[in-house]
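[1] whatever this is, show me its structure:
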Amino acid sequence: MAKTENKKYPLEKIRNIGIIAHIDAGKTTTTERVLFYTGKSHKIGEVHEGEAQMDWMDQERERGITIQSAATTCFWNNHRINIIDTPGHVDFTAEVERSLRVLDGGVVLFDGSAGVEPQSETVWRQAEKYNVPLLCFVNKLDKIGGDFLMSLDSIRDRLSTEAYPVQLPIGKEGDFKAVIDLIERKAYTFTGKLGSEINEIPIPEDMKAQVEEHRANLVEKLAESSDEMIEKFLNGEEIPNEELVKALREMTIKTQIYPVFAGAALANVGVQKLLDGVVAYLPSPKDVGEIVAHRQFSEDEVTLSSEEDGPFVALAFKLQTDPYVGRLTYFRVYSGSADAGSYVLNSTQDKKERLGRIILMHANKREEIEQIHAGEIGAAVGLEVQTGDTLCDPDEPIVLDSITFAEPVIGLVVEPKTKADRDKLGKALKKFLDEDPTLKIKSDAETSQTILYGMGELHLEIIVDRLKREFGVEVVTGKPQVAYRETIKRKVEQENKYVRQSGGRGQYGHVVIEMEPREPGEGYEFEDQIKGGAIPKEFIPGVEKGIKEAMESGVVAGYPVVDVKVNLVDGSFHEVDSSEMAFKIAASEAFKKAQRKANPHLLEPIMDVEVITPDEFMGDVIGNLSGKRGKIEGTEKRGQATVVKAEVPLAEMFGYATVLRGMTQGRASFTMEPSHYAEVPSNVADEISAGEAK
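    Predicted coordinates for the structure are as follows:
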């Protein structure tokens, strides 16, 4: 692979964007159009034909969905655009989470016939969490039921009242062929080879009033950006287009407005104008402002600006096993620059790494470069890092905030078919665990089974499929299992002594702990309240280790314990016989005894379920969900269908797709995503405990 010089673009000419949306809104199709119009590819790969370049995994091509977020770089109007095409399926939410963490802006796609769908809401909230400025693209307006104003209303109702159209479509459904730019008051059609020729046309007479109405609303909003503009607006002066564009950019970057574009990627309408919008309104790395980090091993804050002459700081946000070059680490450079072959410090793990080869990725094709600069996204070969680690200049050890991921909710027993498969299985799973932070593995010592935990049935199905294709490992799988948790209801105190005397040196550990419940989702906390050296400092880590070990398997049914606080309040030690190990065992036993006394109970994952069904089946759907211990949250009309929203325990939702198809003649569809954990009713908990005991 020949090295190419990485042509340098000034920071203000770089855009790092993600394309995010609900499954099937057309993300990959839109990205394929972008690559074609920017000259990155000479042929458009279609998702429905299994040819999309950004969906390069076999599993993606077969299912027509995106699983891995794919990165690419393209160029438009003398700007460099780094794009990450993310998955829309809720099972792969980690891919969206980590992408949003390193992006400066995003384009949210909506299916013009459906408006806001459940996963569009999820990705929008994820973007809000990282304060990412967004453009909206109402796609598929050529589809039957495609309705721009309905979609706009649903964005305003469910996501943000600050969504304002900057375009209007001309024509509906099959007649949709052109868009009107509200700021310029100009209309455009897209003709020629795959819509690559853009022609200006007059605005239809019957739309002029509508254009002026929407433009006036937009101008009124933009006038809020400065006192001078408010004055001009109140005096009825015409504000020049350049000032409106400048104000729209400033307000978009501050997330005070979300510009809404119209188009149909598959019909080649509007994608170039969306690209113009990315360049015009989304931030460059310079616009994002300063990034707050910490000095290594301290709480001292450091502010970094996206400058090349600053110290090198980058965040590793994704790991991937590439069949040709081995382990790839995707990273975003926030400050400074680095050369291929130079040494960097992994400040999270405090070890030095060599940046042997730096690569620009185009989906799964690679282009090797000599140097990478602030504001850019690249990949390095062979680094031993984890997702969320910081890479920095060894002379300036700085740590960036890491990335947090949701906990997996569903498990699957995987057993190797043969002895040869057993040896390969461990290595393959290790690679998957490195790549995917929402994947967890638990080995059951009693049954010697391996249980794989993930975000949903599809997530685990893909992993099993990849085991076979990429690593040649054949596995037998059990029934999907729910990732239950255990917690407690009341505060207790517990004393425990661990004493062993067997000739020579003995073992002595004595602890008194208090255990109390915490609010749902608050997690675990340990507090050392020892006074006067009752337990020497060197034994305290042993106590915490023992408690953490005991929490991995609770007393109700052997599931992990969550949302508890443990205070170490007293204890004693022996001058000769005490050791860290003795205190670890004493604390572990104390925890188990305390949990039994503290009214322990099981928690189960509850899912947010949305079923879209024709009206005539609504009663059946609601009755069936209620029978699954579901809590109906409400119904609403969406186009010709009714949406039923409910909260249902995950344990009741296995095989629901088949049940729903049978109940509605195959005409209903559903989506579900993890919501929260809730207490399992006692009769169900007894069954689960009995099952685990067996």
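[2] what helix or strand does G571 sit in?
    If you go by DSSP states H and E, G571 is part of strand 564-572.
[3] quick one: work out the angle between the very next helix or strand once past that strand and strand 564-572.
    Counting by DSSP H and E, the next helix or strand C-terminal to strand 564-572 is helix 580-597. In terms of direction (axes from the mean of the first three to the mean of the last three Cα atoms, to 10 degrees), helix 580-597 departs from strand 564-572 by 130 degrees.
[4] for the record, mean pLDDT for helix 580-597?
    For helix 580-597, the mean pLDDT works out to 93.
[5] from here on, call the first residue 253.
    Sure, I'll start numbering at 253, so the last one becomes helix 832-849.
[6] list the helices and strands it packs on?
    On a contact count with 3 or more Cβ pairs under 8 Å, 6 or more residues apart in numbering; DSSP states H and E, helix 832-849 meets strand 744-752, strand 759-769, helix 792-803, strand 816-824. Glycine gets a C-beta too; all of them are placed from N, C-alpha and C.
[7] for D399, which of these is the nearest?
    Taking Cβ to Cβ, strand 759-769 is the member of the helices and strands packed on helix 832-849 nearest to D399, at 48.9 Å.
[8] just checking, Q371 touches T923?
    Yes. Taking contacts as Cβ atoms under 8 Å, Q371 lies within contact range of T923: 6.5 Å.
[9] neighbour count: those two, which is higher?
    The residue with more neighbours, out of Q371 and T923, is Q371; 23 against 18, by other Cβ atoms under 10 Å.
[10] with adjacent residues omitted, what lies nearest to the more buried one?
    The spatially closest residue to Q371, leaving aside those adjacent along the chain, is H274, at 3.9 Å (Cβ to Cβ, 6 or more residues apart in numbering).
[11] I'd say the one you found and W376 touch.
    No. Contact criterion Cβ under 8 Å: H274 and W376 do not qualify, at 10.1 Å.
[12] follow-up on the earlier one: and the residue nearest to Q371, how far from S921?
    From H274 across to S921, the span is 12 Å (Cβ to Cβ, to the nearest Å).
[13] D686 reaches Q638, doesn't it?
    Yes. Contact status for D686 versus Q638: in contact at 7.1 Å, counting by Cβ under 8 Å.
[14] so what sits against both of the two?
    L571 (Cβ atoms under 8 Å, 6 or more residues apart in numbering).
[15] H274 and S921 - which one has more neighbours?
    H274 (24 against 15).
[16] could you point out the longest strand in the chain?
    If you go by DSSP state E, the chain has its longest strand at strand 853-866.
[17] which elements pack onto that one?
    Secondary-structure packing of strand 853-866 (3+ Cβ pairs under 8 Å, 6+ apart): strand 737-739, helix 870-879, strand 893-901, strand 921-931, helix 934-945.
[18] what residues are up against the residue positioned nearest the centre of the chain?
    In the chain, the centroid-proximal residue (Cα atoms, centre = their mean) is E349; its distance is 2.3 Å. By Cβ under 8 Å, 6+ apart, the contact list for E349 reads 378, 655-658.
[19] quick one: it from V431, how far?
    Using Cβ to Cβ, one obtains 32 Å as the distance from E349 to V431.
[20] ok, back up a step: just the buried residues of the contacts of E349.
    When the contacts of E349 are checked for burial by 16 or more other Cβ atoms under 10 Å, the buried set is 378, 655, 657.
[21] mind checking which of these are in helices?
    The helices, defined by DSSP state H, take in Q378 from the buried ones among the contacts of E349.
[22] dump the buried ones among the contacts of E349 into CSV; add pLDDT as well.
    Output for the buried ones among the contacts of E349, formatted as CSV (pLDDT from 0 to 100):
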residue, pLDDT
Q378, 78
I655, 74
F657, 73
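[23] format the buried ones among the contacts of E349 as CSV; extra columns: distance to A842.
    Supplementary listing: those in CSV, determined by distance: Cβ to Cβ, whole Å:
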residue, distance to A842
Q378, 40
I655, 34
F657, 31
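[24] can you give me the end-to-end distance of stretch 787-795?
    One end of stretch 787-795 sits 10 Å from the other (Cα to Cα, to the nearest Å).
[25] do the same with stretch 389-404
    Using Cα to Cα, the two ends of stretch 389-404 sit 10 Å apart.
[26] and it, which residues are buried?
    389-395, 397-400, 402-404.
[27] could you export the residues you listed as TSV, including distance to E480 and pLDDT?
    As requested, the buried residues of stretch 389-404 are exported to TSV (distance: Cβ to Cβ, whole Å; pLDDT from 0 to 100):
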residue	distance to E480	pLDDT
F389	31	93
V390	32	93
N391	36	91
K392	40	89
L393	36	90
D394	41	88
K395	43	86
G397	44	84
G398	39	86
D399	38	89
F400	32	92
M402	36	91
S403	34	92
L404	29	94
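[28] from these, pick the one nearest E489.
    L404 (27.9 Å).
[29] that closest one contacts T413, correct?
    No. Look at L404 against T413 with Cβ under 8 Å: they stay out of range, at 11.2 Å.
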